[in-house]
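Engineer: For reference, the sequence and a predicted model appear below.
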Amino acid sequence: MLGVFGRFPRVSRLWGGSQDSYFGCRSRRCSYPTSTTEVANVTADLDTRCGELYASGDELLPEGSVGSDGAAAFAPSQEQFESLIGFLDGTDAAGLSHAELEERLDRDGRELLRRLLADHLALRAVREKRLEQVVGDEGVRRARVESGHARALETVFGTVSVERLAYRAPGLGNLHPADAILNLPVERHSHGLRKLAAVEAARGSFQDAVEAIERSTGQQLGHRQVQELAQLAAVDFEDFYAARRPKRSKPEQLLVLSADGKGIVMRPDALRTQTATRRVRAGPKPKTRLAGSEKLNCKRMAEIGAVYDATPALRTAADILARDDSHEPAPGPVAANKWLCASIVKDTGTVIKHVFQEADRRDPKRRRTWVALVDGNNHQIQRIRSEAKARGVEVTIVVDFIHVLEYLWTAASCLFPTLNPAEWVHLQATRVLEGHASKVAGTIRRTATNRRLDPASRKLADDAANYLTSKAPYLDYPTALANGWPIATGIIEGACRHLVKDRLDITGARWGLAGAEAILKLRAIKANGDFDQYWDYHLAQERHHVHEARYLDHVVPNVT
């Protein structure tokens, strides 16, 4: 049996019990989801009576309200509070240091908060009204009502029990309107723990996240549970940004798009087919620690996309490559309102499509100048051109000048192995900035020929010349500098380092698809500064697709 979301093969770890006991008669198989819109009709029937036979008539509740308010509803909380007061007022506390007092109050105070929450939930259960009619999304009325249906909820304070009325009909899953009011999650762990898992798992290793959650809440979650909670937290990334409307910028501001790829070491089952085939051909299983060459057939490329605004800043070649310190270079364009996205599951074309969608949201009337910065990857260039053509938007593609410099230095090391070629590189780089990339390519080839280098010795020089020739249409630096456009991919390079290398490339890490995808998205949301807004949206989506979607017309009856 698949888990509720179909994506976690060991989902029972997250629920803390058998799946059959929780999902009863309405469990459904789902495909791999990317948002909560794909988990509609998921049952929230996580109660202790779900596995029982259909209720007999004498178990039904009478009409009207259930129980009474209960005068001593908060008696357990009051008892815990008085215990704390008694401790602080007694001789045992008088001799403690402030650190010992903090530790004791942290533990016992958390228990007080747990009891307060548990007492409040118990009082809500007592006050819950019996409804005349509850109709599910399939149009069938649940005519039988049972009390005593309870489920456990692991919260940031500890475990509490949630008791509520169950509305039942033969052959259909139970409905609990009170669950929708509370917006209870499908899994055992609360949204507070899910949020902590998302924040901590995106920040450091899963083991660090486990320890951080225990330090802040006292709750012990397993490595697998933290990973699965983080995956749940990230499912609304695309929907959130599709619905979000970013601030409009001034027409004179540049709209800059960029994309790049970064490899992530994956588990064998998460590699693409071609990479896995090469891995098999490469030989035996690698050691625990992988050297750089050993990672060659162990990585899967993640695609990173960026969109940002920039105020044009006019410059010249001398501002880029100053000959001496006496020249004060003009400042370049400064990035603002940076937005990032990333995926290890989706291909380059899909990520670039998301980049264009964000650009469309920023400039729907096409009033601004669109510039795409790339490192020279032909596939990325093709996808950018194809997407721009499909949308009818003019995008100027500029190849990163830093990559050009790297090729020039490589050519210089090939042509002048015993000399310091800094002056030669400076001269050729200046010529490229002045718009003579093809002529520089010819200079490299002639120099290699004049030095009578054999094909093997001149290979790096020929590679540099071929790069300049093939990328010449995207090396129009005179136009870019005169219009104040950026010519370096520092933003996307920094994004690759921040989103991927700083977290997913930690020592010994090998990733599965779902875990890597979730962490990439969560880190992108944090980098974009949208986490708080995203979390509100995520909880609203949870309420709708886990609860509201199960009722007729998506309206949950009021039981308060």
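Structural biologist: Looks like it came in fine. Numbers count the residues shown, from 1 in each chain.
Engineer: Pull out the buried positions in the longest helix along the chain.
Structural biologist: Longest among the helix segments of the chain by residue count, using DSSP state H, is helix 98-127. With burial defined by 16 or more other CB atoms under 10 Å, the residues of helix 98-127 counted as buried are 104, 110-112, 114-119, 121-122, 124-125, 127. C-beta coordinates here come from the backbone N, C-alpha and C atoms, glycine included.
Engineer: now swap in stretch 216-231 and tell me
Structural biologist: Thr217, Gln219, Leu221, Arg224, Gln225, Val226, Gln227, Glu228, Leu229, Ala230, Gln231.
Engineer: Could you check how many residues crowd around Ala310?
Structural biologist: By the measure other CB atoms under 10 Å, the count of residues near Ala310 is 23.
Engineer: isn't it right up against Pro486?
Structural biologist: Yes - counting by CB atoms under 8 Å, Ala310 does reach Pro486; the two are 6.2 Å apart.
Engineer: Overlap of the contact sets of these two?
Structural biologist: Jointly contacting Ala310 and Pro486 under the rule CB atoms under 8 Å, 6 or more residues apart in numbering are Leu254, Val256, Pro333, Ala335.
Engineer: Can I get those in CSV including neighbour count?
Structural biologist: Below are the shared contacts of Ala310 and Pro486 laid out as CSV (neighbours: other CB atoms under 10 Å):
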residue, neighbour count
Leu254, 21
Val256, 26
Pro333, 22
Ala335, 18
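Engineer: right, and out of those residues, which lies closest to Gly204?
Structural biologist: Nearest to Gly204 out of the shared contacts of Ala310 and Pro486 is Ala335 (CB to CB; 26.6 Å).
Engineer: quick one: the closest one and Ile492 touch, right?
Structural biologist: No - counting by CB under 8 Å, Ala335 stays clear of Ile492, with 10.5 Å between them.
Engineer: The closest residue to Leu116 other than its chain neighbours is in what secondary structure piece?
Structural biologist: Once flanking residues are discounted, Leu116 sits nearest to Ser77: 4.7 Å by CB to CB, 6 or more residues apart in numbering. Counting by DSSP states H and E, the element that carries Ser77 is helix 75-89.
Engineer: that older thread, now the buried residues of stretch 216-231 in CSV, please, with extra columns for pLDDT, distance to Leu468 and secondary structure.
Structural biologist: As requested, those are exported to CSV (pLDDT from 0 to 100; distance: CB to CB, whole Å; DSSP: H, G, I helix; E, B strand; the rest coil):
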residue, pLDDT, distance to Leu468, secondary structure
Thr217, 95, 57, helix
Gln219, 94, 58, coil
Leu221, 95, 54, coil
Arg224, 94, 50, helix
Gln225, 95, 53, helix
Val226, 96, 49, helix
Gln227, 95, 46, helix
Glu228, 96, 49, helix
Leu229, 97, 50, helix
Ala230, 97, 44, helix
Gln231, 96, 44, helix
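Engineer: Now the two most distant members of the residues you listed.
Structural biologist: Within the buried residues of stretch 216-231, Thr217 and Gln231 form the most distant pair, 19.9 Å apart (CB to CB).
Engineer: Just the ones in strands from the shared contacts of Ala310 and Pro486, please.
Structural biologist: In strands, defined here by DSSP state E, the members of the shared contacts of Ala310 and Pro486 are Leu254, Val256, Ala335.
Engineer: Tabulate those in a markdown table, adding columns for pLDDT and distance to Thr469.
Structural biologist: Shown next, in a markdown table, are those (pLDDT from 0 to 100; distance: CB to CB, whole Å):
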| residue | pLDDT | distance to Thr469 |
| --- | --- | --- |
| Leu254 | 97 | 28 |
| Val256 | 98 | 26 |
| Ala335 | 92 | 31 |
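Engineer: Report the angle between the helix holding Ser77 and helix 98-127.
Structural biologist: Angle, helix 75-89 to helix 98-127, by axes from the mean of the first three to the mean of the last three CA atoms, to 10 degrees: 160 degrees.
Engineer: List the buried residues in helix 75-89.
Structural biologist: Residues Pro76, Ser77, Gln80, Phe81, Leu84 are the ones in helix 75-89 that count as buried (16+ other CB under 10 Å).
Engineer: The buried residues of helix 98-127: which two are farthest apart?
Structural biologist: Using CB to CB, the two most remote members of the buried residues of helix 98-127 are Arg104 and Arg127, lying 34.5 Å apart.
Engineer: after the helix holding Ser77 comes which helix or strand?
Structural biologist: Going down the chain from helix 75-89, the next helix or strand is helix 91-94, by DSSP H and E.
Engineer: So for stretch 133-146, mean pLDDT?
Structural biologist: In this model, stretch 133-146 carries a mean pLDDT of 93.
Engineer: hang on, isn't Gln541 packed against Asp236?
Structural biologist: Yes - counting by CB under 8 Å, Gln541 touches Asp236, with 5.2 Å between them.
Engineer: ok, these two, which is more surrounded?
Structural biologist: Legend: neighbour count by other CB under 10 Å for Gln541 and Asp236, higher for Asp236 (26 against 19).
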